[in-house]
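Colleague: Sequence first, then the predicted structure, then my questions.
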Amino acid sequence: MKYVSTRGTPDLGQFSDVLLMGLAPDGGLAMPESIPAFGPADLEALRGLSYPDLAFAVMRPFITDVPEDDLRALLHRTYRSDVFHSADMTPLTRLGDSQLYLLELSNGPSLAFKDMAMQFLGEIFEYVLERRGEVLNILGATSGDTGSAAEYAMLGKARVNVFMLSPHGRMSTFQQAQMFSLHEPNIFNIAVEGVFDDCQDLVKAVNADAPFKARYEIGAVNSINWARVLAQAVYYFKAYLALNLAPGQPVDFSVPSGNFGNVFAGYLAKSMGLPVGQLIVASNENDVLHDFFSSGTYHVRPAERVAMTSSPSMDIGKASNFERYLYLIADRDGAQTRTWWEGVGRGEPVALHGSAHWDAVTASEFRSGRSTHADRLNTIRRIDREYGRLIDPHTADGVLVGERHLRPGVPMVCLETALPAKFGETVQEAVGRIPGRPERFLNIEDAPRTFEVMPNDVQVLKAYIAAKLGALKGEVSPTR
Ligand SMILES: Cc1ncc(COP(=O)(O)O)c(C=O)c1O
Ligand SMILES: N[C@@H](CCOP(=O)(O)O)C(=O)O
């Protein structure tokens, strides 16, 4: 399978190339040149497969440059019950006898859905880098969950260093403790004076400096990396199969959304032929995506207007993966996508209402909604009371918005994107008790912390990366 860029570059290479590349050289995102289709018989053949075998079946058509046996073995190493604390990896639980289901994605090492793809990235990076004799210095941005998932996945990986940017003071107490209590020689935590979007812009700015990127072997673990999106598509198939529906009967998914990676993975599964009906984009107060799906205008929110909310991992005003969606809506027109994104970069809106592009948006069956702090608390309280199930604030956003879009006879699968333990303060405010946590995280808030506070300045960041990598190699950094 060949990959192309959303901004028009026609050949980015194969899967392993885009895996290490992260962002395309033209600033766009990698996409497969076509999306393989699964017909009804192909879907039936997936029934009964274990999670790693299902992951193989779904991902293999996109990963044609890794020998079949190696890929299968790698997926079996990744999706293990001792890592995801469940034989099923992503159990699906019905809430009482309602139409609502929770897809548990957060039983992995860092207690958030990011582990599902990030553990795979840890394995595949190591595999590809060893074969190429290369190293990779990952530069990532997190609003709270990508960071710890990436760092746990890359722990002890000899060929990988991680530089993780987070918005200073804007993550939950648990999220900060989880990341900053790691004291590993290959992990560098940087708290940027800004919001998540500033961190993501820094990542893109460093990647745009081609000589720096090449010299310091910069890679990505955010959902700008195609491998993340691909690995996330697998659990949509898993949920559909677990429902055991009659052939062709649709399922709706509700997805707490920020950077648009998770719900885009659902759209990928749908585009591959999975009988997905509505894809519900659940926003918090930072409702840029809800604005788009309800008005037809995508207008990114400048950093100073991104609110600090009680679902902090979704405090995002500029959704990277939205570029992939618009590229498909534009029927893979890279020039059009580039024009839109250059405008977005200048703070201009993308206004599609009334155009042929809007017809394509409508046909894609996305729905959306927004919730507030009070909605979140009420939903956590109500789901706990009615179903005896404690959910985290992000999942609560998804459940509430999902409930608003229920259709007769169609199951609504709500993605559980984190465990309540990560957001103890908000959950306690809702139900009056502190959520339980796995033993390995007891008292993590008291552990010593290692992190660097940094201004939102790309030159300072580049100098820091160069100095740290130079020090690892025993050199004096040339950019200092
Ligand atoms: C707990 C949680 N829920 C939801 C989201 C939003 O997902 P996405 O950014 O893929 O839209 C995130 C961050 O990505 C998250 O950490
Ligand atoms: N919400 C994320 C931020 C970005 O998401 P990603 O899926 O693009 O890595 C976080 O919690 O860090």
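Modeller: Everything's here; your move. Ligands and ions are numbered 1, 2, ... in the order given.
Colleague: So Leu165, which state does it fall into?
Modeller: strand (DSSP: H, G, I helix; E, B strand; the rest coil).
Colleague: From ligand 1, how far off is it?
Modeller: 14 Å (C-beta to the nearest ligand atom, to the nearest Å). The way it works is simple: take the backbone N, C-alpha and C, and place the C-beta from them, glycine included.
Colleague: could you say what helices and strands the strand or helix carrying Gly140 packs with?
Modeller: Using DSSP states H and E, Gly140 sits in strand 136-141. Packed against strand 136-141, as judged by 3 or more C-beta pairs under 8 Å, 6 or more residues apart in numbering; DSSP states H and E, are the following elements: helix 146-154, strand 160-167, helix 196-208, strand 218-219, helix 458-473.
Colleague: Mind putting these into CSV with mean neighbour count and distance to Gly277?
Modeller: Formatted as CSV, those follow (neighbours: other C-beta atoms under 10 Å; distance: least, C-beta to C-beta, whole Å):
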stretch, mean neighbour count, distance to Gly277
helix 146-154, 27, 28
strand 160-167, 25, 35
helix 196-208, 22, 31
strand 218-219, 24, 36
helix 458-473, 16, 43
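Colleague: Now tabulate these in JSON lines and tack on distance to Gln119 and mean pLDDT.
Modeller: Shown next, in JSON lines, are these (distance: least, C-beta to C-beta, whole Å; pLDDT from 0 to 100):
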{"stretch": "helix 146-154", "distance to Gln119": "5", "mean pLDDT": "97"}
{"stretch": "strand 160-167", "distance to Gln119": "13", "mean pLDDT": "98"}
{"stretch": "helix 196-208", "distance to Gln119": "21", "mean pLDDT": "96"}
{"stretch": "strand 218-219", "distance to Gln119": "17", "mean pLDDT": "97"}
{"stretch": "helix 458-473", "distance to Gln119": "25", "mean pLDDT": "94"}
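Colleague: Redo those as CSV? Include distance to Arg77.
Modeller: What follows is the helices and strands packed on strand 136-141, written out as CSV (distance: least, C-beta to C-beta, whole Å):
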stretch, distance to Arg77
helix 146-154, 12
strand 160-167, 16
helix 196-208, 28
strand 218-219, 20
helix 458-473, 27
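Colleague: that older thread, report the strands that pair with the strand holding Gly140, each with its relative direction.
Modeller: strand 160-167 (parallel), strand 218-219 (parallel) (DSSP bridges).
Colleague: In CSV, list those strands along with distance to Gly108.
Modeller: Shown next, in CSV, are the strands paired with strand 136-141 (distance: least, C-beta to C-beta, whole Å):
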stretch, distance to Gly108
strand 160-167, 17
strand 218-219, 21
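Colleague: contacting residues around Gly354?
Modeller: Gly354 makes contact with Gly296, according to C-beta atoms under 8 Å, 6 or more residues apart in numbering.
Colleague: For it, grab phi and psi.
Modeller: Per-residue torsions, Gly354: phi 90, psi -10 (degrees, to the nearest 10).
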